[in-house]
Structures are given as structure tokens and as C-alpha cells.
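> My questions are about this predicted structure, shown below with the sequence.
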Amino acid sequence: MKSVLITGANRSIGLEITKQLSKKGLFVYLGTRDLEKGNAVVKELNENGFENIKAIQIDVTNADSIAAAKSIVEKEKGKLDILINNAGISGEFPQSAFDASKKDIQNVFDTNFFGVISVTQAFLELLKKSENPRISNITSGLGSLTLHSDPNWKYYNFKATSYVTSKAALNAYTIILAYELRDLPFKVNVIDPGYTATDFNHHSGPGSVESAASFIIKHTDTDENGPTGKFFSNDIDDETGISPW
């Protein structure tokens with residue numbers, strides 16, 4: 001049975017990914033900062049027929065928390081097959097380039113960028129023990145520099161210094177990570193679930209969490225011929241789903 005760790009999985013898209021992967025027969029570590037809340041979520045999932053799910057406490061901004069989570073996975077599974085870096089924050093608004101606070105930018109980067117790096121580096125040892133390791137970093141279409149430079153793009157006028165720059169940095173890190181793992185059976189990609197109605201955006205997005213989760217899983221749980229080092233977006237209207245960087 002393949003195992004997967006999903007950070008920020010106790011609600012919204014992360015929770016839906018948990019449900020769908022559970023139904024596919026994977027063992028899911030539901031990453032949550034608050035273990036009590038996470039256990040309550042798992043209890044409800046179990047009562048609704050979802051199996052092989054365990055809440056695991058992980059704060060991506062806390063090194064001790066990450067190390068403790070790794071120790072649990074290593075003791076129980078001995079390896080990790082899939083890592084989905086889903087935890088993220090938007091920061092305080094407005095986020096003008098003129099006066100966005102450096103503190104807010106740092107806070108957003110701590111979760112969206114440095115948090116992903118910290119978790120990934122900590123779990124690489126266990127991922128390398130998998131026959132088909134996968135790393136999916138959940139990004140946003142707003143992290144595309146190409147699209148943000150196009151006045152005809154539908155989200156062109158949404159500029160947010162803290163959030164946009166953190167996701168652009170995450171995309172760049174993923175390119176480097178995929179390159180450095182190219183000779184191993186890893187598949188490493190960034191995936192944009194699209195503008196989805198979640199607590200994250202006060203349910204303003206047109207997309208559903210079901211569609212977002214399904215899209216992420218489609219580009220994560222791939223076979224040995226799956227692509228690596230790509231940027232997939234649920235908002236791209238073509239069959240490939242590949243977004244410009």
C-alpha cells in the first residue's frame with residue numbers, strides 16, 4: 001500500500017485530496033498543525049467510510065515538528081511514496097509593492113516557500129526508499145511570471161506582493177529540485193488547483209474542491225512514464241494542462 005503525506009490537509013483541498021486518495025487505496029498521513037483537530041477530522045472520515053488515514057502533527061515552519069513527523073512515518077512505514085506540499089497562506093491584504101510589510105512577506109515565505117523546502121529536505125531520505133517517489137508542490141496560477149506579464153490574462157490585475165512572489169519562488173525551487181532528482185525515479189511537479197472556492201479565498205473561486213483535488217491527484221499519482229519538472233494548472237484550457245512559468 002502506497003503512503004502519502006499531505007501538509008495542510010485538515011480542510012479544503014487538502015482534505016478532499018485525502019478523501020480521494022483514501023478511496024484509491026492509499027495510506028494517507030493527514031498533516032495538520034493542530035493534532036486534536038486533525039484527529040477529529042479523521043474520526044469523522046472514518047465514520048463516513050474512509051479508511052487508512054492518520055492525522056499527523058506537522059507545522060511546516062517548525063523544524064522540530066517536521067522532524068517528529070518524519071520519525072513517525074519512518075517508524076510506521078519505513079518509507080514515503082508521495083509528498084504533497086499543500087500547506088499555504090495568503091498573507092495580509094492589500095499587498096502593494098509600495099508598502100507591503102517585510103514582516104508579512106517573510107511570514108508568507110516561511111510557509112509557502114521555506115516550509116516546502118524544509119519538509120521536502122526532511123522527507124527526501126524516506127522518499128528515496130520508494131520505488132516510484134512523487135513530490136507535488138501546490139502552487140497557484142498567480143505564480144506564473146509569464147501570465148502576470150500578459151495584460152490579456154484574466155487575472156492580470158490581481159497583484160499581491162507577498163503571495164505572488166512566494167509562489168513564483170516555489171516554482172523556481174521545484175524546477176531545480178526536479179533537475180537534481182532527474183536520474184532517480186522521482187516525478188517532481190508544481191500543480192495549480194485553479195481558482196477554487198475554499199476558506200482560503202472566502203469561497204470566491206468558481207472551481208470545486210472535488211475538481212481541484214482530482215486534478216492534483218491526476219498529476220501526482222503517475223506511472224513511470226509521467227512527466228517531471230512541469231507546471232500544471234487546472235485553469236489552463238487545453239488537454240495538457242501545462243502552464244507557462
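Perfect, thanks for sending it. Since we're looking at a predicted model, the values are computed, not measured.
> Where do the helices of the protein begin and end?
Taking DSSP state H, the helices of the chain run over residues 12-23, 35-47, 63-76, 102-109, 115-127, 145-148, 161-180, 209-218.
> mind checking which of those is nearest residue 231?
Proximity to residue 231 (C-beta to C-beta) singles out helix 161-180 among the helices of the chain, at 6.2 Å. Just so you know, the C-beta spots here come from the backbone N, C-alpha and C atoms, and that holds for glycine as well.
> Average pLDDT for the closest one, rounded please.
Helix 161-180 shows an average pLDDT of 98 in the prediction.
> And stretch 45-57, by the same measure?
Stretch 45-57 shows a mean pLDDT of 98 in the predicted model.
> rewinding a little: out of the helices of the chain, deepest packed?
helix 12-23 (a mean of 22; mean count of other C-beta atoms under 10 Å).
> any idea how far that one is from the chain center?
Chain-centre distance of helix 12-23: 12 Å, with C-alpha atoms, centre = their mean, to the nearest Å.
> just the angle between that helix and helix 209-218, please?
Calculated by axes from the mean of the first three to the mean of the last three C-alpha atoms, to 10 degrees, helix 12-23 forms an angle of 60 degrees with helix 209-218.
> if we look at helix 12-23, which residues are touching it?
4, 6-9, 28, 30-31, 41, 45, 50-53, 84, 86-87, 138, 193, 196, 198-200, 209-210, 212-214, 216-217, 221 (C-beta atoms under 8 Å, 6 or more residues apart in numbering).
> what about 7 Å?
The contact list for helix 12-23 (C-beta atoms under 7 Å, 6 or more residues apart in numbering) reads 4, 6, 8-9, 28, 30, 41, 45, 50-53, 84, 86, 193, 196, 198-200, 209-210, 212-214, 216-217.
> Surely residue 187 and residue 223 touch.
No: with contact defined as C-beta atoms under 7 Å, residue 187 and residue 223 do not form a contacting pair (9.1 Å).
> more crowded one of these two?
The neighbour count for residue 187 versus residue 223, taken as other C-beta atoms under 10 Å, is higher for residue 187 (25 against 7).
> Which residue, other than its chain neighbours, is closest to that one?
residue 228 (4.5 Å; C-beta to C-beta, 6 or more residues apart in numbering).
> Quick check: phi and psi at that neighbour.
phi -140, psi 150 (degrees, to the nearest 10).
> Per-residue pLDDT of it, please?
pLDDT recorded at residue 228 is 98.
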